[in-house]
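Enquirer: Please find the sequence and the predicted model below.
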Amino acid sequence: MARPRNNPGDLAELPTELRTDRPKGDQIREILLTLTRTLAAGTVLPSERVLAERFGVARMTVRQEVDRVVAEGLAARRPGGGTFVAEPRPARMLTSSFSEDMRARGITPGAKVLEHRIGTADETLAAELEEPVGTPVLHLVRLRTADGEPMAVERTSLSLRRYPGLDELDLSAVSLYDSLSSRWGVTLGMVSASIIAAAPDEADRQLLGIDDTTPCLIITSAPRTASGEVIEFGRSIYRSDRYDITIAYRAT
């Protein structure tokens, strides 16, 4: 994670005054977006007071727009350290695995196994996996990281009838989907997912290193192979301040 640099962003190349034919808040937001795009991650942004005085607007107007860029993950706050440009957020395509997406962006993916348990599929899980009730399954909980920073808590279940021996792999050291591909010939196909915004519980907040104001995305998904078999069924929570979800679809 970037450390704030104590050299507030230079306003020299920005307009000296706002236009009168557009809302002031919209223009302040555009200025903030320009700063977050052009300044290096960790650079401290001009203070609310400096922006308010330069552009002749109320500090409340500036604060509202700063709050927006912080909520969108483009900037971050540190107590006593001002507001600074956040690091770019990794973006995940739902048509590829976490590890694939991170590596494609030059980011090192990681996983810490929090739970690794063999059980049997009850009626609900069996229906999601499209397997018979009682099928042996691997229940897996992992903390996913990007360049060592916590990004998500992934909870998933996979059929050991489809993937015998999966429970013997060290999934903190190897990629789940790389292993499914190399050992069982799995090719990721369609992903059916439900995505909602929700507050994490205390346990997940501690794992992700966030407070109760940080927004999260809860993704419930059942990815399928290219031939249509369900690979896994899971419910995971992702930090939306550091993570984007990208969905590709065809218009009809």
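Expert: Noted; the coordinates are in hand.
Enquirer: low-confidence ranges in the stretch 151-252 of the chain?
Expert: Counting by pLDDT under 70, the stretch 151-252 of the chain contains low-confidence ranges at 243-252.
Enquirer: And the helices in it, which stretches?
Expert: 176-184, 202-208 (DSSP state H, counting those that start in this stretch).
Enquirer: and the closest residue to Y177 other than its chain neighbours, what pLDDT?
Expert: Spatially, and ignoring its direct neighbours in sequence, Y177 is nearest to S97 (3.9 Å; Cβ to Cβ, 6 or more residues apart in numbering). Every C-beta, even on glycine, is put in place using the N, C-alpha and C of the backbone. According to the prediction, S97 has pLDDT 73.
Enquirer: Next one: S97 from Q27, what distance?
Expert: To Q27, S97 is 41 Å away according to Cβ to Cβ, to the nearest Å.
Enquirer: Looking at the two, which one has more neighbours?
Expert: Comparing S97 with Q27 by other Cβ atoms under 10 Å, the one with more neighbours is S97, at 21 against 18.
Enquirer: which residues touch the more buried one?
Expert: By Cβ atoms under 8 Å, 6 or more residues apart in numbering, the residues touching S97 are 175-177, 188.
Enquirer: coming back round to it: okay, the helices of the stretch 151-252 of the chain in a markdown table with distance to P15 and mean neighbour count next?
Expert: Shown next, in a markdown table, are those (distance: least, Cβ to Cβ, whole Å; neighbours: other Cβ atoms under 10 Å):
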| stretch | distance to P15 | mean neighbour count |
| --- | --- | --- |
| helix 176-184 | 48 | 16 |
| helix 202-208 | 38 | 15 |
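Enquirer: I237 is nearest to which of those?
Expert: helix 202-208 (5.4 Å; Cβ to Cβ).
Enquirer: same for the closest one, what does it pack against?
Expert: Counting contacts by 3 or more Cβ pairs under 8 Å, 6 or more residues apart in numbering; DSSP states H and E, helix 202-208 packs against strand 149-159, strand 233-239.
Enquirer: Send me that helix as PDB with only the CA atoms.
Expert: Presented in PDB, the C-alpha positions along helix 202-208 are these (Å, rounded to 0.1, in the frame of the first residue of the first chain):
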ATOM      1  CA  GLU A 202     -16.600  -8.200  12.500                       C
ATOM      2  CA  ALA A 203     -14.600 -11.400  11.700                       C
ATOM      3  CA  ASP A 204     -14.300 -10.500   8.000                       C
ATOM      4  CA  ARG A 205     -13.400  -6.900   8.800                       C
ATOM      5  CA  GLN A 206     -10.500  -8.200  10.900                       C
ATOM      6  CA  LEU A 207      -9.300 -10.500   8.200                       C
ATOM      7  CA  LEU A 208      -9.500  -7.800   5.500                       C
END
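Enquirer: Am I right that E115 is in a helix?
Expert: No. Counting by DSSP: H, G, I helix; E, B strand; the rest coil, E115 is located in no helix; its state is strand.
Enquirer: what about the strands in this structure?
Expert: Applying DSSP state E to the chain gives strands spanning 75-78, 82-85, 91-93, 109-120, 136-146, 149-159, 188-198, 216-225, 233-239, 244-246.
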